[in-house]
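1. Coordinates only, no sequence provided:
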Ligand SMILES: [Zn+2]
């Protein structure tokens, strides 16, 4: 079972206490965007075998949104941080790079 640390209330929340919100750090397209860019924003998501940044809501806890960085292939959790953060914290990216030297990540802080 997936267990994530809620950065808001400090609880160790089980997967059953959480609601998934999909891929984190999507770039919202504005009214001047091309149809292709807007379609990609609406429908295209990463589905990596490895490190992924996901939005989660502590639905049966404090109710707040946060982002979790985890490995989809091993379920290893690298860390969590509030959803109001526009990019992953540098210390989290360093932790991922230490554990996954081959990872070429996104979202440079
Ligand atoms: Zn919480």
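-> That came through, no problem. Worth saying up front: this structure is predicted, and the values here are computed from it rather than measured.
2. When you work out contacts or count neighbours from here on, use the C-alpha atoms and nothing else.
-> Will do.
3. Let me know the average pLDDT across stretch 82-97.
-> Stretch 82-97 shows a mean pLDDT of 95.
4. Is it in proximity to the ion?
-> No: using CA under 5 Å from the ion, stretch 82-97 stays clear of the ion, with a minimum separation of 10.1 Å.
5. buried residues in that stretch?
-> Burial within stretch 82-97, assessed by neighbour count using 16 or more other CA atoms under 10 Å, is assigned to 82, 83, 87, 88, 92, 93, 96.
6. just those residues now: which is nearest residue 44?
-> residue 87 (19.4 Å; CA to CA).
7. The ion contacts on this protein?
-> 6, 9, 62.
8. Point me to the helix or strand that includes residue 41.
-> Using DSSP states H and E, residue 41 falls within helix 35-43.
9. What helices and strands are in contact with the next helix or strand after that helix?
-> Scanning forward in sequence from helix 35-43 by DSSP H and E, the next helix or strand is strand 51-57. In terms of contacts (3 or more CA pairs under 8 Å, 6 or more residues apart in numbering; DSSP states H and E), strand 51-57 is packed against strand 19-23, strand 65-71.
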